[in-house]
Structures are given as structure tokens and as C-alpha cells.
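> from the sequence below, what's the structure:
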Amino acid sequence: MSGLRPALLGAALVALYTALIAAADGITKLIAGGYEAPQLFALSSGLVLIITGLSARRQGGLRAALAIRCRRVMALRAALTVVAAIGFFQAFRLLPFADVFLFIGLMPLFAAALSGPALGEPVRPAAWLALGAGAGGILFLLPEGSVALDAGHGWALLASLTGTASMVAARRIAKEERKPLAQVFWPNLALALSMGAVLPFVWHPMPLADVLWVAGYAVFLFGARFVSVEALRLLPAFVATPLMNLQFVWMVVIGFFGFGEVPTLGALLGTALVVGSGLWLVADEAMPARAVRRA
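From the prediction side, this is the model:
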């Protein structure tokens, strides 16, 4: 049971993450067209820092909660987070939602490729098959039609690569020390400082409604990043990232129950592939033999 419990808890946290990050992505798509990236990220990151600071004070003080030993890896994670945030902002502004999610769906494959050299967690051939099946399932869930590549797709690819690398760095830190608030605080501080330096040149007055949307974005983002750090502590990155693709399944479920959209046979097949591959990876991670190898 020692391997089963962390795997199940990690899977539950990833499921919660998908709900939080989907809400944050929705807000990004809603207001991205009216503002430049530095304005959204400077304000939201500042709010995330405040939330993190308040949470840290309840857990024994700022110094104890935010001090970290893996400083170089944290610096790398912070830089990758800044690049990924800019890339996703530009991608959501230039592309339809579904096109961006296609690149997000490739993140498990990127995580698998990085897990061996960066974390010492090589992916077995059977796991590669499951990852490939999950990525194929994403294609079935996306709307039909050809996609012409443009600058938005370049931003989406950059965001997916750097976002995955940031998650791998989070896993590396979590294997050394359990500091989830620090893993939220320092990347957001880097984002706030870098975006704040540009903010005076791109500032555009915001109505109260948009300010509230940014505040909501910050709350969802704080929750998503905190939960993802804990999930990556419990699960390897190449197991956690496929589960994050459950948000595609949620799109099918919401469309059916909320809007009466009957899923096609391809959508049902894609859902089965995404869910099945994720469950297989979690079950494989929970096996006693895997737990022994991790130890």
C-alpha cells in the first residue's frame, strides 16, 4: 500500500490542478486581447505573492516557508516560468483555444524525454506506449480541420517546452525538500519583477470588472501551482503530465451535460485513450516493484 497511497493522492491532486488551471486559462483567453502580457502578469503575480506570504505566515513564518537549498534549480525554474507565462499568453491571444491545447497535450512526451537526463527517472518502453496513446487521444478530442502554422503556434511550442521544463525542475526540487510555498513564491517573484519593469510602457487603464478577473486569475493560479508542486512530489513528471490532460475530457463532459453536444465516436475514442493511458501510468507507478526501485 505504500506505493498505492502516494500515487492515488498524486492523481487526485492532478485532477484538482486541471480544474484550477482550466479556470485560469479561461480568464487568460477572456481578457488577453485587451492588454499586454506584462500588465496581466505583473498584477496577478503581485497578488499571488501576497496570497503566498499570508499562507507562509500561518505555517511558521516567511523565512521558514520560503528558504530553499536548491537555489540554482529554483533560479532555473523561475526563468522557465517567466518564458512559459509569456509564451502561453501570446499563444492564447493569437490562437483558438483548441490549437493551444494541442501543444499542451504534447507536454507529457516532453516530460518523458526530460525525466531521464534531468531526474534519473528513465521511462520504460511500455510507459512510452501509454504516453503515445494519450497524445493520440488528444488529436481525437480536438475539432476537425487543417491547421496552418503561424507565430501563435511557435509561441505555443515554446510555452509547452519551457512549461514542461519548469515542472521537471519542480520535481527535482521536491525530491530534495518539501517547500511548496517557496516553489510558488520565487517563480512568481521573478515574473512580477520582470513584468513590472515593462509595465509602465504598456499600462492600459482597467475597469473594475477586469481587475476582478485578474484577481480571480491570481487565486486560481496560486491554487494550481501549489497543487501541482505537491502532485509532482508524489508522482514522476511523465506520470503527472498525462493526467493533466484530463481537462480535455472535462471539455467533452461539459459540452454534453451543459450544452447538449453529443460527442462523436472519435471524441469517445480520444477520451478512452486519454483516461486509459493516465490510469495505466498511475497503476504502474503504484506497483510495489516500482516503489522499491524509487526507494
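
> show me where pLDDT drops low in the stretch 101-250 of the chain?
Scanning the stretch 101-250 of the chain with the threshold set as pLDDT under 70 gives 126, 138-149, 238, 241-243, 245-250.

> go again with 50.
In the predicted model of the stretch 101-250 of the chain, residues 146 satisfy pLDDT under 50.

> mind listing the strands for it?
Here the stretch 101-250 of the chain has no strands by DSSP state E, counting those that start in this stretch.

> secondary structure element holding the residue lying closest to residue 198 once chain neighbours are set aside?
Once flanking residues are discounted, residue 198 sits nearest to residue 38: 4.2 Å by C-beta to C-beta, 6 or more residues apart in numbering. Bear in mind the C-beta positions are built from the backbone N, C-alpha and C, glycine included. Following DSSP states H and E, one finds residue 38 within helix 37-57.

> can you give me the helices for the protein?
For the chain, helices defined by DSSP state H occupy the ranges 4-31, 37-57, 62-66, 71-94, 97-104, 107-119, 125-141, 151-176, 180-202, 208-234, 237-244, 246-259, 265-286, 288-294.

> now mean neighbour count too, for these, in CSV please.
Formatted as CSV, the helices of the chain follow (neighbours: other C-beta atoms under 10 Å):
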stretch, mean neighbour count
helix 4-31, 19
helix 37-57, 20
helix 62-66, 15
helix 71-94, 20
helix 97-104, 20
helix 107-119, 20
helix 125-141, 18
helix 151-176, 21
helix 180-202, 20
helix 208-234, 20
helix 237-244, 29
helix 246-259, 15
helix 265-286, 19
helix 288-294, 12
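
> my guess is residue 31 meets residue 211, correct?
No: counting by C-beta atoms under 8 Å, residue 211 is not a contact partner of residue 31; they are 10.2 Å apart.

> rewinding a little: give the contact list for the residue nearest to residue 198.
By C-beta atoms under 8 Å, 6 or more residues apart in numbering, the contact set of residue 38 is 195-196, 198-199, 202.

> wait, residue 100 touches residue 93, no?
No: Residue 100 lies out of contact with residue 93 (C-beta under 8 Å); the separation is 9.9 Å.

> report the contact partners of residue 168.
The neighbourhood of residue 168, defined by C-beta under 8 Å, 6+ apart, consists of 111, 114-115, 118-119, 237.

> in TSV: those, plus distance to residue 273.
Formatted as TSV, the contacts of residue 168 follow (distance: C-beta to C-beta, whole Å):
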residue	distance to residue 273
111	18
114	23
115	21
118	27
119	26
237	20
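
> show me which of these is closest to residue 265.
In terms of C-beta to C-beta, no member of the contacts of residue 168 lies closer to residue 265 than residue 111, at 29.4 Å.

> circling back: how much space between the residue nearest to residue 198 and residue 70?
According to C-beta to C-beta, to the nearest Å, residue 38 and residue 70 sit 28 Å apart.

> what do you get for residue 18?
27 Å.

> tabulate the contacts of residue 38 (a markdown table), appending distance to residue 81.
Listed next are these as a markdown table, based on distance: C-beta to C-beta, whole Å:
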| residue | distance to residue 81 |
| --- | --- |
| 195 | 12 |
| 196 | 15 |
| 198 | 16 |
| 199 | 18 |
| 202 | 20 |
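
> among those, which pair sits farthest apart?
Greatest spatial distance among the contacts of residue 38 (C-beta to C-beta): 196 and 202, at 11.1 Å.

> and stretch 21-38, C-alpha only, in CSV?
Once non-C-alpha atoms are left out, stretch 21-38 reads as follows in CSV (Å, rounded to 0.1, in the frame of the first residue of the first chain):
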residue,chain,number,x,y,z
ILE,A,21,-5.6,25.7,-14.4
ALA,A,22,-8.5,25.4,-16.8
ALA,A,23,-10.3,28.3,-15.0
ALA,A,24,-7.1,30.4,-15.1
ASP,A,25,-6.6,29.6,-18.8
GLY,A,26,-10.2,30.6,-19.5
ILE,A,27,-9.7,34.0,-17.8
THR,A,28,-6.5,34.5,-19.8
LYS,A,29,-8.4,33.9,-23.1
LEU,A,30,-11.2,36.2,-21.9
ILE,A,31,-9.1,39.3,-21.2
ALA,A,32,-5.8,38.7,-23.1
GLY,A,33,-7.0,40.6,-26.2
GLY,A,34,-7.3,43.9,-24.3
TYR,A,35,-4.0,44.1,-22.5
GLU,A,36,-0.3,43.3,-23.0
ALA,A,37,1.2,40.3,-21.2
PRO,A,38,3.3,42.4,-18.7
